[in-house]
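> Need a 3D model of the sequence below.
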Amino acid sequence: MNTEIRVPQLPESVADATLVAWHKQPGDSIRRDENLADLETDKVVLEVPAPANGIVRELRVQNGAVVTSGQVLAVIEEGAAPAKPAAALAVKPAAAAKTSAPAPAAAEEGKDSGKFSPSVRRLVEENQLDPGAIPASGRDGRLTKSDIVGYLGKKPAEAPLVAAPASRPAAARPPVAAGARTEQRVPMTRLRARIAQRLIEAQSTQALLTTFNEVDLTATQELRSRYKERFEKEHGVKLGFMSFFVKAAIEALKRYPVMNASVDGNDIIYHEYYDIGVAVSTDRGLIVPIVRDADTKAFAVIEKEVSDYARKAREGSLAIEDLTGGTFTITNGGVFGSLMSTPIVNAPQSAILGMHKIQDRPMVVNGAVAVRPMMYLAVTYDHRIIDGRDAVRFLVAIKDALEDPGRMLLGI
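Next comes the predicted model:
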């Protein structure tokens with residue numbers, strides 16, 4: 001029985017998607033729930049799983065094509081046996097550029113290949129690796145992007161490769177003369193294009209202004225150092241700085257609710273809940289998953305959610321729902337060494353907090369010079385509805401909370 005594979009129903013906020021990769025070709029066998037193709041939307045990469053075991057009979061969309069909900073992508077014949085031996089399937093005209101080994105490509109076999117994330121699958125295929133030879137650290141024994149990057153970095157000579165096809169030219173491009181000035185034109189991914197669009201919209205529709213302050217993290221560091229081992233033992237997650245900043249931001253948002261508001265036409269919407277976006281950098285661009293009702297969650301729950309979001313972002317497995325909404329955002333440029341920056345508001349929100357590198361600096365404390373772990377803080381805000389006074393006081397409230405974290409724990 002032939003079955004049509006269609007584009008899954010896209011969320012209301014997503015009009016279409018781009019087909020960025022086929023993982024099977026006509027004649028290939030496919031298992032139920034194995035990924036057939038990757039669809040990239042403005043926010044996430046979606047996988048298209050097979051509904052049943054069978055053989056891929058037809059692909060109706062080319063790589064790079066824009067598709068919409070319900071559109072037919074491919075046809076599979078359920079329950080059919082391969083028309084030719086697996087050894088022959090490995091060398092197809094459509095896939096000859098990838099492999100001609102007498103076995104299915106490494107990404108089609110091995111360690112639970114049907115559950116590879118798009119970024120992991122691309123690394124496996126591009127480097128022609130055997131997934132079964134790479135130690136996996138992900139949940140349920142899955143390979144993660146960091147597993148493969150670490151494997152390539154530590155054992156470049158030992159990484160098993162699939163033999164190159166005999167028909168492949170000796171050189172894909174003509175040799176480049178020494179000192180030649182070359183260029184490469186690469187189209188933006190949908191996510192990168194969407195990020196660019198949103199940043200331009202934010203700067204053209206909001207009156208953005210940034211104010212700065214600095215925070216002495218001595219007390220926060222001491223509290224974290226004192227309990228981090230016990231915290232990790234009891235909760236199964238490391239105690240980082242993000243939970244402190246999320247809690248401190250919420251305390252400040254409660255005092256200055258306009259920082260948690262948004263503009264809708266001529267109205268100001270004051271959100272009486274705290275859905276905090278935490279910016280995460282990925283190889284596809286910056287994305288902002290949401291910690292919902294963060295004010296009701298303990299430090300351990302926040303750390304677990306942030307950790308899970310970071311893992312999912314690296315694996316490309318975030319869902320649209322993980323990225324939708326949010327009333328306030330925190331971004332941490334300090335993980336990349338940034339000492340100071342002016343973050344751009346994640347519209348339609350009205351403010352964003354920027355964290356930066358913790359750096360030991362000489363400070364005057366009680367009349368004496370002492371070395372303290374200092375961090376510059378920045379808050380960018382929409383000056384249409386937020387006065388400078390409120391923005392400055394908001395940042396001071398975060399500073400006070402972090403310099404005396406016991407107050408957050410005691411609720412005073």
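> ok, how many other residues are close to Gln128?
18 (other CB atoms under 10 Å). C-beta here means a position set from N, CA and C on the backbone, and glycine is covered the same way.
> correction: Arg311
Residues near Arg311, counting by other CB under 10 Å, number 19.
> what are the ranges of the helices in this structure?
86-89, 118-127, 145-154, 190-205, 218-235, 242-255, 299-315, 320-323, 388-403, 406-410 (DSSP state H).
> Now tabulate the ones you listed in CSV and tack on mean pLDDT and distance to Thr41.
Converted to CSV, those look like this (pLDDT from 0 to 100; distance: least, CB to CB, whole Å):
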stretch, mean pLDDT, distance to Thr41
helix 86-89, 36, 31
helix 118-127, 70, 12
helix 145-154, 68, 20
helix 190-205, 85, 6
helix 218-235, 95, 34
helix 242-255, 96, 27
helix 299-315, 92, 15
helix 320-323, 85, 8
helix 388-403, 97, 34
helix 406-410, 80, 37
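> Show me the beta-bridge partners of Glu40.
Glu40 has these beta-bridge partners by DSSP bridges: Thr18, Val45.
> quick revisit: now for the helices of the chain, which one comes closest to Ala368?
helix 218-235 (14.2 Å; CB to CB).
> Now do that closest one against helix 299-315, angle only.
If you take axes from the mean of the first three to the mean of the last three CA atoms, to 10 degrees, helix 218-235 sits at 80 degrees to helix 299-315.
> hmm, back to that, among the helices of the chain, which is nearest Asp33?
helix 118-127 (14.9 Å).
> just checking, Cys379 touches Leu353?
Slight slip there: residue 379 is Val, not Cys. Yes - using CB atoms under 8 Å, Val379 makes contact with Leu353 at a distance of 5.4 Å.
> what is the orientation angle of the longest strand anywhere in the chain with helix 218-235?
The longest strand of the chain (DSSP state E) is strand 368-382. Between strand 368-382 and helix 218-235, the angle comes out at 70 degrees (the same axes, to 10 degrees).
> Paired strands for strand 368-382, with orientation please.
As defined by DSSP bridges, the strand partners of strand 368-382 come to strand 208-216 (antiparallel), strand 351-355 (antiparallel), strand 359-365 (antiparallel).
> what domains does the record give for this protein?
Structural domains assigned to the chain are 2-154, 190-410, following automatic domain parsing.
> Dump those to CSV, plus distance to Arg181.
Compiled in CSV, the domains of the chain are given as follows (distance: least, CB to CB, whole Å):
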stretch, distance to Arg181
domain 2-154, 26
domain 190-410, 25
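> Minimum distance to Thr182: which of those domains has it?
domain 2-154 (20.5 Å).
> Tell me which residues touch Arg6, please.
Applying CB atoms under 8 Å, 6 or more residues apart in numbering, we find Arg6 in contact with 70-73.
> if you set the cut-off to 6 Å instead, what comes out?
70, 72 (CB atoms under 6 Å, 6 or more residues apart in numbering).
> separation between it and Pro289?
28 Å (CB to CB, to the nearest Å).
> do Phe394 as well
Noted for Phe394: a distance of 23 Å to Pro289, by CB to CB.
> swap in Phe231?
In terms of CB to CB, Phe231 sits 22 Å off from Pro289.
> and the two? which has more neighbours close in?
Pro289 (24 against 18).
> Give me the nearest residue to that one, chain neighbours excluded.
Tyr309 (4.0 Å; CB to CB, 6 or more residues apart in numbering).
> and that neighbour, how many neighbours does it have?
Using other CB under 10 Å as the criterion, Tyr309 is surrounded by 20 other residues.
> got it, and Ile195?
18.
> hey, what's the closest residue to it other than its chain neighbours bridged with?
Sequence neighbours aside, Gly285 is the residue nearest to Ile195 in space, at 5.1 Å (criterion: CB to CB, 6+ apart). Beta bridges link Gly285 to Thr282 when assigned by DSSP bridges.
> now Gly54
Beta-bridge partners, per DSSP bridges, of Gly54: Ile30, Glu78.
> Would you mind listing the residues in contact with it?
Contact analysis of Gly54 by CB under 6 Å, 6+ apart lists 76-80.
> For Met363, state which of those is nearest.
So of the contacts of Gly54, ranked by how close each gets to Met363 (CB to CB), first place is Ile76, at 66.1 Å.
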